[in-house]
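>>> Build me a model from this:
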Amino acid sequence: TFSWADEDFDSFKLLGRPYYEEIKELYPEHISLLQIDEQERWGLRLYDCGMLCFLITPEELRQRAWDQVRLYFHSF
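Coordinates of the predicted model:
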């Protein structure tokens, strides 16, 4: 279940700004289409404190250009 969250919320998120500054700096025009955080309950381990961010620009999203989605894997 998804609900409203702060713009810079970590964990799982649909749409919004990516959580990590590094991603925001590398892809300033992109939004996080889907953000997936590590989840111990599910056994989802992404190295040490990892996160997957599927990124897209607002224009690409409007055009439904799914082939332009970028994946950014962040891990400590």
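>>> Based on its surroundings, how many neighbours for S11?
Residues near S11, counting by other C-beta atoms under 10 Å, number 12. C-beta: built from backbone N, CA, C; applies to glycine.
>>> Who are the contact partners of it?
Q35, D37 (C-beta atoms under 8 Å, 6 or more residues apart in numbering).
>>> and the end-to-end length of stretch 13-31?
Taking C-alpha to C-alpha, to the nearest Å, stretch 13-31 runs 11 Å from one end to the other.
>>> Buried residues, that stretch. List them.
K13, G16, R17, P18, Y19, Y20, I23, Y27, H30, I31 (16 or more other C-beta atoms under 10 Å).
>>> so how far is that stretch from its chain's centroid?
7 Å (C-alpha atoms, centre = their mean, to the nearest Å).
>>> I'd like the average pLDDT over that stretch.
Average pLDDT, stretch 13-31: 89.
>>> Same check on stretch 65-76?
88.
>>> And it, what's buried?
Quick answer for stretch 65-76 (16+ other C-beta under 10 Å): Y72, H74.
>>> got the contact list for it?
18, 20, 22-23, 26-27, 30, 33, 46-57, 60.
>>> Also stretch 15-30?
The list of residues contacting stretch 15-30 from outside it, by C-beta under 8 Å, 6+ apart, reads 5, 7-10, 13, 31-33, 35, 51, 53, 55-58, 70, 72, 74.
>>> End to end on it, go ahead and measure it.
10 Å.
>>> related to what we said a few turns ago, out of the buried residues of stretch 13-31, which are inside helices?
I23 (DSSP state H).
>>> circling back: I'd like to know which of the contacts of stretch 15-30 are buried.
Buried among those by 16+ other C-beta under 10 Å: K13, I31, S32, L33, Q35, M51, C53, L55, I56, T57, Y72, H74.
>>> Arrange these in JSON lines, one row each, with secondary structure as further columns.
JSON lines is the format used below for those (DSSP: H, G, I helix; E, B strand; the rest coil):
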{"residue": "K13", "secondary structure": "strand"}
{"residue": "I31", "secondary structure": "strand"}
{"residue": "S32", "secondary structure": "strand"}
{"residue": "L33", "secondary structure": "strand"}
{"residue": "Q35", "secondary structure": "strand"}
{"residue": "M51", "secondary structure": "strand"}
{"residue": "C53", "secondary structure": "strand"}
{"residue": "L55", "secondary structure": "strand"}
{"residue": "I56", "secondary structure": "strand"}
{"residue": "T57", "secondary structure": "coil"}
{"residue": "Y72", "secondary structure": "strand"}
{"residue": "H74", "secondary structure": "strand"}
